[in-house]
Structure formats: C-alpha cells, structure tokens
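Undergrad: Fold the following for me, if possible:
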Amino acid sequence: MSAPGTSIAFPLRSERLLVRPFEEADAPAAHAVYGDAEVMRFVGDGRPTSLRETVEMIEGYRRHQRERGFAFWAVLAADDGQLIGDAGLEVTAHGVELGYTLGRPWWGRGLATEAAELCVDAALGPLGVRCLVALADEHNPRSARVLEKVGFTAERRVTAYGRPHMRFVHTASGAQPRSSRPQGRPSGS
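TA: Purely as a prediction, here's the structure:
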C-alpha cells in the first residue's frame with residue numbers, strides 16, 4: 001500500500017525490520033512499549049502512557065499519516081511480525097522531526113539505527129523532505145549516537161518537554177538516501 005500523496009510502498013523493509021503505518025489493533029502491543037517507564041523516560045514528557053493515551057497516540061499517528069502522508073509508524077521484527085516500537089516523522093514546531101522508540105528487549109542491537117535509517121531514506125527519497133530535525137534528551141547519549149550514525153549533526157541545545165535536549169539536523173543537500181548508496185556493511189552495525 002502507498003501513503004496518500006506519496007510513492008512510499010509499505011512496509012519499509014530492512015534485513016531485520018518492517019515499518020508500516022499503525023493500525024487500531026496495534027494498541028495493546030504498542031502499550032507494552034509506551035507503558036514502560038524505563039522506555040519512556042526520555043520520550044515526550046518522560047512518563048509512561050495509560051492504555052487510553054496509547055490508543056489516542058495511535059489515532060493521532062493515523063490522522064497525521066492521512067493528512068501528511070507520513071507519521072510515526074509501527075516497527076515490527078521481520079522474522080515474526082512482533083511490534084517492537086515506533087519510528088517515523090512528524091511535523092512539529094521544530095520542523096519535520098524524526099523520532100523512534102523501541103521496547104527494552106530490543107535495545108542494544110542496532111535496531112533503532114536501522115529503523116531511523118529507513119525513515120531517513122523515506123524522507124529524503126519519496127517524500128522529498130529537504131531538512132529533518134531530531135531531538136535527543138541530553139541524558140540520552142545512545143539516542144544522539146543513533147542520530148549521528150544516520151547522518152544528523154548536532155546543532156544547538158533547546159528545551160523540549162521541560163528538559164534540555166540537543167537539536168540535530170539532517171539536510172538533503174544533494175545526499176542520496178542510504179539505500180541508494182553503496183553499502184560497506186549491514187545497517188545497524
């Protein structure tokens with residue numbers, strides 16, 4: 001399926017991940033991620049969500065997808081289809097913003113980098129976005145490293161959600177999406 005007004009064919013695929021728009025039925029699996037205090041401490045306002053809030057978030061992502069042709073998308077393990085988190089793009093006060101959240105069992109495996117790379121490729125490729133931004137809580141250096149791996153550059157400190165963050169920028173400036181560049185090693189390495 002393609003997103004309205006774009007040429008994105010879902011699911012986006014890597015060796016280990018599938019990325020697709022959220023569906024209503026994803027709420028229980030997404031809540032296992034968003035309801036985890038340790039996962040959410042650097043996301044948004046830093047607190048886990050209730051099931052009702054998770055459902056509302058997914059409704060918001062689905063609306064953003066319909067209106068903009070992109071959103072935060074469900075990230076699934078390619079081997080078994082299990083929903084393991086989200087990654088995607090959203091229009092915010094900062095610009096077209098990249099974000100990602102994975103459940104704890106999937107941390108430390110390079111999967112956030114792999115999911116972010118799929119989103120950057122979609123943004124720079126079929127979506128035609130010229131500049132992406134991302135925010136990383138200053139106390140979350142692992143997220144900052146993911147952003148650097150996929151081509152973002154730290155720009156300046158900002159306050160978001162009442163906490164200090166580093167604002168990162170990725171400009172297209174003639175760069176090819178990673179999927180069209182020669183590959184020296186697998187994604188997420």
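
Undergrad: ok, and for the longest helix seen in the chain, which residues are buried?
TA: In the chain, assigned by DSSP state H, the helix with the most residues is helix 51-68. Neighbour counts using 16 or more other Cβ atoms under 10 Å place 54, 55, 57, 58, 61, 62, 64, 65, 68 of helix 51-68 among the buried residues. C-beta: built from backbone N, CA, C; applies to glycine.

Undergrad: okay, which residue is most central for the protein?
TA: Nearest to the geometric centre of the chain sits residue 87, at 2.3 Å (Cα atoms, centre = their mean).

Undergrad: That one against residue 106, yeah?
TA: No: counting by Cβ atoms under 8 Å, residue 87 stays clear of residue 106, with 11.5 Å between them.

Undergrad: Give the other helices and strands that the longest helix of the chain contacts.
TA: Counting contacts by 3 or more Cβ pairs under 8 Å, 6 or more residues apart in numbering; DSSP states H and E, helix 51-68 is packed against helix 27-34, strand 72-77, strand 83-92.

Undergrad: and it with strand 83-92, angle?
TA: On the basis of axes from the mean of the first three to the mean of the last three Cα atoms, to 10 degrees, helix 51-68 is oriented at 50 degrees to strand 83-92.

Undergrad: Redo the buried residues of helix 51-68 as CSV? Include distance to residue 151 and pLDDT.
TA: CSV is the format used below for those (distance: Cβ to Cβ, whole Å; pLDDT from 0 to 100):
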residue, distance to residue 151, pLDDT
54, 30, 98
55, 34, 98
57, 27, 97
58, 28, 98
61, 24, 97
62, 28, 97
64, 23, 95
65, 24, 95
68, 22, 93
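
Undergrad: shaky segments in this protein?
TA: For the chain, applying pLDDT under 70 flags the ranges 1-7, 174-189.
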